[in-house]
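Asks: Here is the input, now give the coordinates:
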Amino acid sequence: MVGAGLLFLLLAGQPFGWECPQSVEAGEPFSLRLTCSEPGCSGITTGSLISSPGIAFLGSSTSTSISTVTTPGGRQLTQVVVLEMIFSASAVGGVTQTIGPMQINLHGIGSYTLQEITVEVSGPVTAGGDPTYENEEVWLEGTLHDPEGLIYPGTRLFLDYYVYSTVNVENVTYWWGAPELGAIIHVETIPDSNWESADSKHSNTSRSLLAEIEMAPAAAGSLLAPAFWADITGPGYDRWGKAIEWHIESRPIILPVYPFPANPPENWDETLLDSVEVRVEQLPAPPGQGGELAVRITCLGPGNVYMDDPPILTLQGSAELIEAGNGSAGNKRWWDYILEPEETGLCVLGPDSVVWLNRRNSSYQTVTIQPCSLDVTVIPWPDRTIELEDVDSGGSPIFWIILGALGVLTMSVLMGISAKRKERNLASVEGAEDIDELLSGLESELSTMLRGKKEYIGYEELADFLDQSGTDNFLARRILRFWRGLEQSLSDKEVTSPAFTKLKSTANELLYKLRKDLNSQKE
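Replies: Predicted coordinates for the structure are as follows:
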């Protein structure tokens, strides 16, 4: 039964009250109710919830009541906001449990601290307590890194799990379970013992880090972090000749997960941030090729930890953005792109906006990404002139006859090999007259450069050969993307003459740059 004495105090200097039973029966649910009737209070939330292991958080609910009273002085409007948190007491009686301290956020007023609350759990006492948790020689503990704000679905949480010992330990074998109402994103196990001195209520206590876990809650409610179990052996044997060993379990870690606030903006994609600033700028020394420019998207501020992907930017102008790498350092994260122009002119990145939920104050916020204007120029590909050696200058006519015969023979063989493939008439970019011939010519010349002979290569083979040859990463991406574009163009009913001329020019440009890149590696 819930104790008859209920505590309700209006805290001195704090505009809210709380109500909680002083004692409960073992295994019985109970509630902690927070109330605020101050004008301007639009809601109540709490910071990270701290409670003793015998208290389990089950959930919470909020309500707002408005009443009016007519007096000789006029009509008075009263609003009362209530946050009710439901807990369950441990099944073990005879233990004093605690809730808090915790941060109380009165929306529209400010933040306050509610000091620790004690609850007496009555009922039958389990002899010796729970040996899994109360072992005085070795035990497991999980430590939550401060999430620095309210926990919502998707919030990144980081926990460290340690084994503590006041005696010598020879071996630790451990494993863990799945969280409830959440998912593990990453586990980093520590393969070697790393014992260090630990501050504890016990003397001569050491601890060793077992694992670091990154996880996220899946929905609002009570998140139960993964439980750890361990089999630990100590040196020596007991008086019956059995090895000294312990089987232990970590204490439960229960965290409150809050539902998203009402009325989110239409363009909110459930991004959780604290604060962020986004910049778009042209790099001073672009790594691009030809007429390309390199731009960088930079996100600064504590919120960038949640930005696995860059903000999506609108692009105005005849150009394309190609990913070229990313990085992070300190409080900053960035993504680099190559802006590849299709036509000479002005390209504009942005303006755009990023909308997120600020976990510190439970409000939706927006930051504007200022536009970045770039003048781009397509560098024309120069016409190439091929001069044959004059016979009188020393070249033998027989050589050219033999070479011509070999060429005919080679072409015959190639045509026979490609009989089962779609017919392609040429193996030259310069002589191509349609998309099929252009792709065939590009294939032939790339094969010659990368393999030393003209043979059929597909997209995947081309990617492997470019990687094996050590081709510049940006150039390799351009070649592969151009190849894929030609393959897709085969299905087009018609390609205009200017467009086809541009494709031939691009193919020649890429071949020239690849040849130059390969030659530079030999020098």
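
Asks: For stretch 266-274, which outside residues touch it?
Replies: When contacts are taken as C-beta atoms under 8 Å, 6 or more residues apart in numbering, the neighbours of stretch 266-274 outside the stretch itself are 148-149, 152-155, 260, 301-304, 306-307, 353-360, 364-365. C-beta coordinates here come from the backbone N, C-alpha and C atoms, glycine included.

Asks: Which of the helices or strands spans residue 295?
Replies: strand 293-300 (DSSP states H and E).

Asks: before we move on, what about residue 514?
Replies: Element membership for residue 514, per DSSP H and E: helix 497-522.

Asks: by contact count, what packs against that helix?
Replies: helix 435-451, helix 473-489 (3 or more C-beta pairs under 8 Å, 6 or more residues apart in numbering; DSSP states H and E).

Asks: Please identify the most buried of these.
Replies: Sort the helices and strands packed on helix 497-522 by mean neighbour count, taking mean count of other C-beta atoms under 10 Å, and helix 435-451 sits at the top with a mean of 20.

Asks: pLDDT on it, on average?
Replies: Per-residue pLDDT values over helix 435-451 give a mean of 82.

Asks: Which elements pack onto it?
Replies: When contacts are defined as 3+ C-beta pairs under 8 Å, 6+ apart, helix 435-451 packs onto helix 459-468, helix 473-489, helix 497-522.

Asks: looking at those, which is closest to residue 160?
Replies: Taking C-beta to C-beta, helix 473-489 is the member of the helices and strands packed on helix 435-451 nearest to residue 160, at 37.0 Å.

Asks: on contacts alone, who are the packing partners of the closest one?
Replies: strand 319-329, helix 435-451, helix 459-468, helix 497-522.

Asks: what comes into contact with it?
Replies: The set of residues that contact helix 473-489 without belonging to it, under C-beta under 8 Å, 6+ apart, is 287-289, 322, 324, 338, 340, 435, 438-439, 442, 446, 459, 462-463, 466-467, 471, 495, 503, 506-507, 510, 513-514, 517.

Asks: again, only using 6 Å
Replies: Contact partners of helix 473-489, identified using C-beta atoms under 6 Å, 6 or more residues apart in numbering, comprise 435, 439, 463, 466, 510, 513, 517.

Asks: Least confident secondary structure element in this structure?
Replies: The element with the least model confidence among the helices and strands of the chain, by mean pLDDT, DSSP states H and E, is strand 6-10, at a mean of 40.

Asks: ok, then the element right after that strand?
Replies: Per DSSP H and E, the first helix or strand lying C-terminal to strand 6-10 is strand 17-21.

Asks: got the domain boundaries for the protein?
Replies: The chain breaks down into these structural domains: 1-129, 130-259, 272-376, 419-522 (assignment by automatic domain parsing).

Asks: Just give me how far the last one sits from the chain centre.
Replies: Once both centres are worked out by C-alpha atoms, centre = their mean, to the nearest Å, domain 419-522 turns out to sit 36 Å from its chain's centre.

Asks: what's the answer for stretch 151-160, then?
Replies: Taking C-alpha atoms, centre = their mean, one finds stretch 151-160 lying 12 Å from the centre of the chain it belongs to.

Asks: cool, and stretch 312-331?
Replies: 17 Å.

Asks: ok, back up a step: pick out the most distant pair among the contacts of helix 473-489.
Replies: Across the contacts of helix 473-489, the longest distance by C-beta to C-beta is 25.5 Å; it joins 435 and 517.

Asks: Tell me the one of the contacts of helix 473-489 nearest residue 83?
Replies: When those are compared for distance to residue 83 (C-beta to C-beta), residue 463 comes out closest, at 56.9 Å.

Asks: That closest one: what's it in contact with?
Replies: Contacts were defined as C-beta under 6 Å, 6+ apart; by that measure residue 463 touches residue 480.

Asks: Now do it, the pLDDT please.
Replies: pLDDT for residue 463: 83.

Asks: residues contacting residue 256?
Replies: Taking C-beta under 6 Å, 6+ apart as the criterion, residue 256 is in contact with 49, 57.

Asks: Ok, the one 4 residues further on next?
Replies: Neighbouring residues of residue 260 by C-beta under 6 Å, 6+ apart: there are none.

Asks: Please give the element, helix or strand, for it.
Replies: When the helices and strands are read off by DSSP H and E, none of them contains residue 260.

Asks: one step back: and the helices and strands packed on helix 473-489, which is most packed in?
Replies: Mean neighbour counts were taken over those using mean count of other C-beta under 10 Å, and the top value, a mean of 20, falls to helix 435-451.

Asks: Excluding chain neighbours, give the residue nearest to residue 471 in space.
Replies: With C-beta to C-beta, 6 or more residues apart in numbering as the measure, residue 517 is the residue that lies nearest to residue 471, at 5.8 Å, once sequence neighbours are left out.

Asks: Give me the contacts around the strand holding residue 295.
Replies: 276-283, 286-288, 307, 310, 332-339, 374.

Asks: With stretch 188-200 instead?
Replies: 205-209, 211-212.

Asks: in that stretch, what's buried?
Replies: The neighbour-count criterion (16 or more other C-beta atoms under 10 Å) identifies residue 198 as the buried residues of stretch 188-200.

Asks: Please report how far residue 220 lies from residue 31.
Replies: To residue 31, residue 220 is 17 Å away according to C-beta to C-beta, to the nearest Å.

Asks: tell me how far the ends of stretch 14-29 are from each other?
Replies: One end of stretch 14-29 sits 27 Å from the other (C-alpha to C-alpha, to the nearest Å).

Asks: Please identify the buried residues of that stretch?
Replies: Of the residues in stretch 14-29, those buried by neighbour count under the rule 16+ other C-beta under 10 Å are 14-16, 18, 20-21, 23-24, 26, 28.

Asks: One more: stretch 330-339?
Replies: Residues of stretch 330-339 classed as buried by neighbour count (16+ other C-beta under 10 Å): 333-339.

Asks: Point out the ones among the residues you listed that are inside strands.
Replies: With strands taken from DSSP state E, the overlap with the buried residues of stretch 330-339 comprises 333-339.

Asks: Mind putting these into TSV with pLDDT and distance to residue 41?
Replies: Conversion of these to TSV gives the following (pLDDT from 0 to 100; distance: C-beta to C-beta, whole Å):
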residue	pLDDT	distance to residue 41
333	87	37
334	87	41
335	87	42
336	87	47
337	86	46
338	84	52
339	81	50
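
Asks: low pLDDT regions in the stretch 351-500 of the chain?
Replies: Judged by pLDDT under 70, the stretch 351-500 of the chain has its weakly predicted residues at 379-427, 491-494.

Asks: And the stretch 1-150 of the chain, by the same measure?
Replies: In the predicted model, the stretch 1-150 of the chain carries pLDDT under 70 at residues 1-13, 68-71, 73-76, 90-94, 124-135.

Asks: Which stretches in it count as strands?
Replies: According to DSSP state E, counting those that start in this stretch, the stretch 1-150 of the chain carries its strands in the segments 6-10, 17-21, 23-25, 29-36, 43-46, 55-71, 74-89, 95-99, 102-107, 110-114, 117-122, 138-144.

Asks: export those to TSV and tack on distance to residue 297?
Replies: TSV is the format used below for the strands of the stretch 1-150 of the chain (distance: least, C-beta to C-beta, whole Å):
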stretch	distance to residue 297
strand 6-10	51
strand 17-21	46
strand 23-25	54
strand 29-36	42
strand 43-46	33
strand 55-71	38
strand 74-89	40
strand 95-99	44
strand 102-107	33
strand 110-114	34
strand 117-122	47
strand 138-144	32
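
Asks: Looking at those strands, which is nearest to residue 344?
Replies: Distances from residue 344 to each of these were compared using C-beta to C-beta; the minimum, 53.7 Å, belongs to strand 102-107.

Asks: tell me the angle that closest one makes with strand 17-21.
Replies: Between strand 102-107 and strand 17-21, the angle comes out at 140 degrees (axes from the mean of the first three to the mean of the last three C-alpha atoms, to 10 degrees).

Asks: Look at residue 158 and report its pLDDT.
Replies: Residue 158 is assigned 94 on the pLDDT scale.
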